[in-house]
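Colleague: Sequence plus the predicted model coming up.
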Amino acid sequence: MRLNPASEFLSLSLSIPLSPLSLSLYTSPPPSLSSPVSLSGSAIKRIPLLLNRRAAPFFSPSFTVIKFVDIHDTHGNLQRQQAVYFSAEMSYRGVGFGGADSPPSIQRETMTEIEGVPIISSVTQSWDQIRNFKARPDDVLIATYPKAGTTWMVEIVDCIMNDGDTERCKRSPTHDRAPFMELNPPKPFPSGLQQLASMASPRLVKTHLPVQLVPQSFWENDCKVIYVARNAKDNLVSYYHFQHMNQGLPETGSWEHYISSFLSGQVPWGSWFDHVIGWWESKAEHRVLYLFYEDLKEDPAREIERVARFLGKGLDQAVIDRITDHTSFSQMKENPMANYSTLPAFIFNQAVSPFMRKGTVGDWKQHFTVSQSERFDEEYRRRLAGTSLRFRTEL
C-alpha cells in the first residue's frame, strides 16, 4: 500500500467479522514526506483518500488512539511513526470501542513539585531523562510560560528556518515540528523526548520549564533560546481557559480561586513572576532573545525580522511579509497544522474553549472585577519591584 505525500488524510475502512460495526481510521499527523511511503496493515478493505480535512468527522468525541504504525520509505528506512485514531460508527449499543455511551477519556493530572516548582505529575516520572537531555549545538529552544505565545513563536521560527516556505510549514502539526520536551503523556502517545530523539537536526524544541530547570546541555552547547513573555493578566486569562479545555491538566476551580492560585504560583509550571524574571536575568549569561507578546501584536513584521537576525537568517521584505501573513492570528486559527484541531476532543475539548481563542492584548478587562484587578496589581508591583522588566497590559 502506497500513500500519496500530497494527501492530507489517509482513511482506512475495515470490516469487522461477526458484528455490524465499521471503523474509519485516520492518521495524524498526515503523511507529508518528499517521496511515496509504504504502510502495511491487516483487514484493510479499501483506502479512499480524503483531501479535504473538514470532510472527515475528526472532531467526534468517539476518537481515541489505537496504535502507532511505522512509516517507511521505498528503501525500507523508517521515516516516522504515525499515530492512528479511530472513530466507531455504532449500529448497535454496547461495543467497547469508546462509542456514544462511553467516549474515550483521559484523567486530569495531579500536581507535584520539582525543586520547589509546581508541575504536573507525569513530568516527574521522566524527570531524570529530561534533566539529562542531550541538546545539540544547532537546537533552537523556544521557551515560554504556558499560554504566552508558544505556538505563535513555533510557527514563526519554523517559517524562518524554512526560508519563508509557508507550504512546508503545513507538513505536520505544531507538536510534531517542535516537540514539547517535558511532555510525558500516557501510551501510546510518544513523549517529547522520544519525538526529539528521532528528529534530524536542526531541531525546534519547546519547553515551559523555568530557566533553573532547563537541562544543562543547552547551556553547554551554547544553544540559541527564544523566550516569549506575556503580560500577567492576559496570560492568566488565557491559561485559565486553556486548563478548562485541556483534559489532561488539573481542574482550575472557580475564577476567583484561579486568580489566587496564579498569584501564589500554584499552577502547572509554577509562578509566572519567577518564570519571566528568571528568564529575563538569564540574558546576561546565555544566548537568549527575550521577546514580548505585546510587541509581536503591535508590529509583527519588526519582531519577525528580529527573530530572523537572531537565527542568522537574512530574509528580504517579501519573505518577512509572507511569514507575517501566515502567522497572523486569523490565519493560524484556521490552520489545522497550528490550531491543534488534529487532537481529539477527549484531549483538547475545543467545544469548551478554542485553543486559538482571541489572541489579543487587554482581554483581561473582560474578566477581572475592579477589586480583583486592584488585588492583582498590588502583588504585581511587589513582585516586580526589584527588576527592570516591564509589561504593557494594553496597546
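Modeller: Sure, I can see it. The structure displayed is predicted, hence computed values, not measured ones. Numbers count the residues shown, from 1 in each chain.
Colleague: alpha carbons only for contacts and neighbour counts from here, please
Modeller: Noted.
Colleague: Can you tell me how far M245 is from H208?
Modeller: Distance of M245 to H208, given as C-alpha to C-alpha, to the nearest Å: 18 Å.
Colleague: do V140 as well
Modeller: For V140, the distance to H208 equals 14 Å [C-alpha to C-alpha].
Colleague: One more: G314?
Modeller: From G314 to H208 the distance is 28 Å (C-alpha to C-alpha).
Colleague: swap in I114?
Modeller: From I114 to H208 the distance is 13 Å (C-alpha to C-alpha).
Colleague: hang on, the earlier thing: so which of G314 and H208 has more stuff around it?
Modeller: Between G314 and H208, H208 has the larger neighbour count (other C-alpha atoms under 10 Å), namely 24 against 14.
Colleague: Tell me who's in contact with the more buried one.
Modeller: Contacts of H208 were listed using C-alpha atoms under 8 Å, 6 or more residues apart in numbering, and they are A143, T144, Y145, P146, W269.
Colleague: now the helices: where do they sit in the chain?
Modeller: 121-125, 127-131, 150-161, 174-177, 192-197, 216-220, 232-245, 255-264, 272-282, 293-298, 300-310, 317-326, 329-333, 370-384 (DSSP state H).
Colleague: Stretch 274-292: how far from the chain's middle?
Modeller: Offset of stretch 274-292 from its chain centre (C-alpha atoms, centre = their mean, to the nearest Å): 21 Å.
Colleague: Stretch 185-205 now?
Modeller: Worked out by C-alpha atoms, centre = their mean, stretch 185-205 lies 12 Å from the chain centre.
Colleague: Quick one: residues contacting the nearest residue to I320 once chain neighbours are set aside.
Modeller: Distance criterion C-alpha to C-alpha, 6 or more residues apart in numbering; nearest residue to I320, sequence neighbours excluded, is A301 at 6.3 Å. Going by C-alpha under 8 Å, 6+ apart, A301 touches I320, D321, T324.
Colleague: nearest to V123, of the residues you listed?
Modeller: T324 (34.1 Å; C-alpha to C-alpha).
Colleague: Next one, pLDDT for the closest one please.
Modeller: According to the prediction, T324 has pLDDT 97.
Colleague: tally of neighbours for it?
Modeller: So T324, with other C-alpha under 10 Å, has 22 neighbours.
Colleague: give me every residue that touches it.
Modeller: P300, A301, I304.
Colleague: Kindly recompute the last result at 10 Å.
Modeller: Applying C-alpha atoms under 10 Å, 6 or more residues apart in numbering to T324 gives the contacts I156, C159, G164, D299, P300, A301, R302, E303, I304, E305, A318, Q331.
Colleague: likewise D274?
Modeller: D274 neighbours (C-alpha under 10 Å, 6+ apart): V117, P210, V211, G265, W280, R383, L384.
Colleague: Ok, I160 next?
Modeller: Taking C-alpha under 10 Å, 6+ apart, one finds 154, 166, 169, 304-305, 307-309, 311-315, 319-320, 323 in contact with I160.
Colleague: hmm, back to that, taking the helices of the chain together, which one is wrapped up most tightly?
Modeller: helix 150-161 (a mean of 23; mean count of other C-alpha atoms under 10 Å).
Colleague: got the CA coordinates for it in CSV?
Modeller: Output of helix 150-161 as CSV, limited to C-alpha atoms (Å, rounded to 0.1, in the frame of the first residue of the first chain):
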residue,chain,number,x,y,z
THR,A,150,4.3,29.4,22.3
THR,A,151,2.5,28.1,19.2
TRP,A,152,2.8,31.5,17.6
MET,A,153,6.6,31.6,18.0
VAL,A,154,7.0,28.0,16.9
GLU,A,155,5.2,28.8,13.6
ILE,A,156,7.3,32.0,13.1
VAL,A,157,10.6,30.1,13.8
ASP,A,158,9.6,27.2,11.6
CYS,A,159,8.8,29.6,8.7
ILE,A,160,12.1,31.4,9.2
MET,A,161,14.1,28.2,9.3
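Colleague: The protein - how does it break down into domains?
Modeller: Structural domains annotated on the chain: 2-89, 112-384, as defined by automatic domain parsing.
Colleague: Pipe these into CSV and attach distance to R392 per row.
Modeller: Below are those laid out as CSV (distance: least, C-alpha to C-alpha, whole Å):
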stretch, distance to R392
domain 2-89, 37
domain 112-384, 6
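Colleague: picking that back up, just the contacts of A301 now: which is nearest Y258?
Modeller: Nearest member of the contacts of A301 to Y258, counting by C-alpha to C-alpha, is T324, at 33.9 Å.
Colleague: Please determine how far the closest one is located from G116.
Modeller: In terms of C-alpha to C-alpha, T324 sits 39 Å off from G116.
Colleague: Same question for F292.
Modeller: From F292 to G116 the distance is 26 Å (C-alpha to C-alpha).
Colleague: Please report phi then psi for the residue nearest to S217 when sequence neighbours are not counted.
Modeller: The shortest distance from S217 to any non-neighbouring residue, by C-alpha to C-alpha, 6+ apart, is to A135 (5.3 Å). Backbone geometry at A135, expressed as degrees, to the nearest 10, gives phi -70, psi 150.
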